[in-house]
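1. Build the 3D model from these lines:
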Amino acid sequence: MMSVIADVNHQRIKTNGIWMHIAEKGTGPLVLLLHGFPEIWYSWRHQINFLAKHGYHVVAPDLRGYGDTDSPLSPSSYTAFHIVGDLIGLLDHFGQDQAFVVGIDWGAAAAWQLSLLRPNRVRGIVALSVPFTPRFSTIKTTDSFKQMFGDNFYVCQFQEPGRAERSFARYDYLTVMKKFYLISKTDQLIAPPGMEIIDYLETPSYLPRWITEDELQVIADKFLESGFTGAFNYYRAMDLNWELLAPWQGSKITVPAKLIVGNKDIGFDSGTREYIEGNVFKSLVPNHEVVILDGHHFIQQEKAQEVSEQILSFLRKFPAK
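-> Got it, this is the predicted structure:
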């Protein structure tokens with residue numbers, strides 16, 4: 001049974017030089033919902049209904065490179081400045097000085113970056129699965145990953161244009177979705193020598209109760225249209241981001257923040273828990289709370305009701321404007 005989202009308005013908006021597709025519902029304070037990899041706006045289907053019902057104007061875009069939004073070819077068009085620029089354009093389109101921003105995975109990274117670069121435009125953020133991480137001062141991002149995890153870490157494999165596209169093309173799009181959405185590994189995504197990460201990920205023989213084949217097919221169909229290059233370009237812009245964000249070295253996130261992570265997410269017990277409970281994260285994001293749920297990476301779908309209620313409880317802390 002596919003989750004039905006009634007009365008959702010779909011449109012494409014010109015922002016920052018691209019056409020961006022958005023799904024929107026409800027009236028009230030503006031809440032942006034930013035998806036991750038490999039997702040589209042539809043990944044927020046549960047939260048769109050829930051937050052709209054509770055008095056919010058919910059806008060879930062397909063981020064650049066995804067779904068029905070434009071997908072520039074060059075990785076250099078996917079820096080934090082491009083993504084943040086797209087979001088500022090959305091706020092301007094709706095005539096809003098500020099918005100609440102909720103993001104997961106790359107969407108969480110975008111929410112942190114928006115809060116870092118334009119804190120005056122953000123009332124508060126809820127980040128799912130990905131905490132704010134400081135820029136390494138001495139080593140490029142992909143070099144640090146190679147040092148820690150080796151050349152077969154998935155981020156390293158995604159760097160070479162065309163490589164991941166070719167390996168993903170060996171599978172139909174629904175299978176690719178199943179492989180990523182239903183990862184049960186909790187250690188880092190590192191392929192064995194000589195193997196591509198997509199081949200290493202298992203295809204589950206059955207689906208968990210929180211997602212149906214029809215729902216996965218909605219997302220798979222959009223990747224069938226768009227391909228994966230736009231999505232991979234976020235990874236391929238990592239080192240350029242590292243260069244461009246040097247002026248913000250050591251900067252803190254000053255906006256109020258809530259971090260929601262699953263205790264079965266990749267890397268949770270091999271670094272994430274220690275980091276988010278330690279002093280470095282507290283010093284970088286001084287005004288934050290952390291919620292750890294029993295779940296995996298795509299927590300907004302797996303634990304839809306819990307996550308929706310956690311988001312709402314955060315939003316309700318802010319007085320009406």
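
2. Am I right that residue 186 sits in a helix?
-> No. Per DSSP: H, G, I helix; E, B strand; the rest coil, residue 186 lies outside any helix segment and is coil.

3. Run through the residues that contact it.
-> By CB atoms under 8 Å, 6 or more residues apart in numbering, the contact set of residue 186 is 264, 265, 266, 267, 268, 269, 270. Every C-beta, even on glycine, is put in place using the N, C-alpha and C of the backbone.

4. How about residue 144?
-> Taking CB under 8 Å, 6+ apart as the definition of contact, the neighbours of residue 144 are residue 136.

5. what's the spacing between it and residue 156?
-> 11 Å (CB to CB, to the nearest Å).

6. Likewise for residue 179?
-> 18 Å.

7. Also residue 299?
-> Using CB to CB, we find residue 299 at a distance of 25 Å from residue 156.

8. again, but for residue 231
-> Counting by CB to CB, the gap between residue 231 and residue 156 amounts to 16 Å.

9. Secondary structure element holding the spatially closest residue to residue 39 that is not a sequence neighbour?
-> Residue nearest to residue 39 in three dimensions, not counting chain neighbours: residue 219, with 6.5 Å by CB to CB, 6 or more residues apart in numbering. Following DSSP states H and E, the helix or strand that holds residue 219 is helix 213-226.

10. Over to residue 308?
-> Using DSSP H and E, residue 308 falls in helix 304-315.

11. list the contacts for the residue lying closest to residue 297 once chain neighbours are set aside?
-> Taking CB to CB, 6+ apart, and ignoring the residues beside it in sequence, residue 297 has residue 265 as its nearest neighbour in space, at 4.9 Å. Residue 265 is in contact with 129, 186, 272, 295, 296, 297, 299, counting by CB under 8 Å, 6+ apart.

12. If we use 10 Å, what do you get?
-> 128-130, 183, 186, 272-273, 292-293, 295-299 (CB atoms under 10 Å, 6 or more residues apart in numbering).

13. quick one: which of those is nearest to residue 242?
-> residue 130 (16.6 Å; CB to CB).

14. Next, count neighbours for that closest one.
-> Using other CB atoms under 10 Å, residue 130 is surrounded by 22 other residues.

15. so who does the nearest residue to it once chain neighbours are set aside touch?
-> If the residues on either side of it in the chain are set aside, residue 130 comes closest to residue 108, at 3.9 Å by CB to CB, 6+ apart. For residue 108, the contacting residues are 34-36, 101-102, 125-132, 259-261, by CB under 10 Å, 6+ apart.

16. Try it again at 6 Å.
-> 127, 128, 130 (CB atoms under 6 Å, 6 or more residues apart in numbering).

17. Would you mind putting those residues into a markdown table with distance to residue 62, pLDDT and secondary structure alongside?
-> Compiled in a markdown table, the contacts of residue 108 are given as follows (distance: CB to CB, whole Å; pLDDT from 0 to 100; DSSP: H, G, I helix; E, B strand; the rest coil):
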| residue | distance to residue 62 | pLDDT | secondary structure |
| --- | --- | --- | --- |
| 127 | 19 | 98 | strand |
| 128 | 18 | 98 | strand |
| 130 | 19 | 96 | coil |
